[in-house]
Structures are given as structure tokens and as C-alpha cells.
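J.: have a look; sequence and predicted model below, questions after that.
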Amino acid sequence: MATAEKSYDIADIALADDGQRRVEWADRQMPVLRTIRERFANERPLDGITMACCLHVTTETANLARTLVAGGAEVVLCASNPLSTQDDVAAALVDRYGADVYAIKRRSRPRASSATRSLPSTTPRPSTSSTTAMGPASRRSTA
């Protein structure tokens with residue numbers, strides 16, 4: 001089965017082992033998110049959706065990204081603050097958890113801004129089903 005090539009700009013993919021250990025440790029401290037991820041893995045409410053996220057790249061937000069991926073979303077993540085970026089976590093997100101990541105600790109302002117500006121080019125795809133993670137479309141507010 002062919003898979004899409006991952007796109008990323010991170011410090012060092014070799015840091016993925018350390019990042020995975022830290023992400024999994026944080027996961028053990030986040031039982032509610034873990035429960036949601038397990039439900040999402042079964043129900044796949046985000047199939048076909050591309051989500052572009054600009055967040056702090058930390059063990060906590062890595063578990064949020066893992067939950068979105070488990071739900072079927074294609075996740076593209078850039079760092080909202082290069083000073084808080086955890087390079088090992090960014091590597092684990094790419095190598096172990098299937099996200100496209102653009103985040104390097106202490107990245108220069110121009111390079112960080114470039115990564116943020118690249119998010120719209122990921123062409124987010126909304127769900128085409130009548131039922132989404134928010135419930136049946138007929139029940140969602142249009143206001």
C-alpha cells in the first residue's frame with residue numbers, strides 16, 4: 001500500500017526515540033485525552049480532514065496531535081513559539097506518529113515565520129460526511 005510522503009522541517013529525526021519516550025510519559029498523565037484518542041481510533045470521525053495547527057510543540061500538544069491523527073486527520077503542525085519547541089518531540093511526531101511538523105527550537109524569526117506562512121498551502125480538506133466529530137451536521141449551529 002502506498003503512503004503519502006511526509007513533509008517536515010525539524011532539527012534531527014534521530015531524536016525520535018527520546019521524544020517518543022517523553023510523549024508516552026506525558027500520555028500517562030493525560031487519561032481523558034487518551035480515552036478520546038481510543039474512541040477516535042475506533043470511530044475515525046476526522047477521516048479525510050486536513051488540520052493545520054500552530055501550537056507550542058511539547059509533549060502535551062504532541063498527544064493532542066496524536067489524538068487528531070488517530071481520528072483520521074492529516075495533521076500539519078508548526079511551532080507557535082520556537083523557544084518552547086521540544087526538538088525530540090517534533091522528531092517523534094514525524095517519525096512515530098504521522099504528523100508533518102515544521103518546528104525547530106530557537107529557530108530564527110524569519111524561518112519560523114516562513115513555516116507559519118506555509119500552513120495555508122497544506123490545503124485543509126473539510127469532511128464531506130454529514131456526521132463529523134461535532135455530531136450530525138443538522139445539529140450544528142450555523143450562527
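T.: Structure received. Residues are numbered from 1 along each chain as shown.

J.: low-confidence ranges in this protein?
T.: Applying pLDDT under 70 to the chain flags the ranges 1-6, 107-143.

J.: can you give me the strands in it?
T.: According to DSSP state E, the chain carries its strands in the segments 9-10, 50-55, 74-79, 100-103, 131-132, 135-136.

J.: closest to residue 42 out of those strands?
T.: The closest of the strands of the chain to residue 42 is strand 131-132. By Cβ to Cβ, the value is 14.5 Å. C-beta here means a position set from N, CA and C on the backbone, and glycine is covered the same way.

J.: hey, which of the strands of the chain is tucked in deepest?
T.: Mean neighbour counts were compared across the strands of the chain using mean count of other Cβ atoms under 10 Å; the top stretch is strand 100-103, at a mean of 26.

J.: touching, residue 19 and residue 94? I think so.
T.: No: at 9.2 Å, residue 19 does not count as touching residue 94 under the criterion of Cβ atoms under 8 Å.

J.: those two - which one has more neighbours?
T.: residue 19 (26 against 23; other Cβ atoms under 10 Å).

J.: I'd like to know how far that one sits from residue 105.
T.: Residue 19 is 12 Å from residue 105, where distance means Cβ to Cβ, to the nearest Å.

J.: give the residues shared as contacts by the two.
T.: Both residue 19 and residue 105 are in contact with 86-87, where contact means Cβ atoms under 8 Å, 6 or more residues apart in numbering.

J.: what about the helices in this protein?
T.: 16-28, 31-43, 59-70, 87-95, 109-118 (DSSP state H).

J.: restricting to C-alpha, output the shortest one in PDB.
T.: C-alpha atoms of helix 87-95 as PDB (Å, rounded to 0.1, in the frame of the first residue of the first chain):
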ATOM      1  CA  ASP A  87      13.100  19.000  19.200                       C
ATOM      2  CA  ASP A  88      12.800  15.400  20.300                       C
ATOM      3  CA  VAL A  89       9.000  15.700  20.400                       C
ATOM      4  CA  ALA A  90       9.000  17.200  16.900                       C
ATOM      5  CA  ALA A  91      11.000  14.300  15.700                       C
ATOM      6  CA  ALA A  92       8.700  11.700  17.300                       C
ATOM      7  CA  LEU A  93       5.600  13.400  15.800                       C
ATOM      8  CA  VAL A  94       7.100  13.000  12.300                       C
ATOM      9  CA  ASP A  95       8.700   9.600  12.700                       C
END
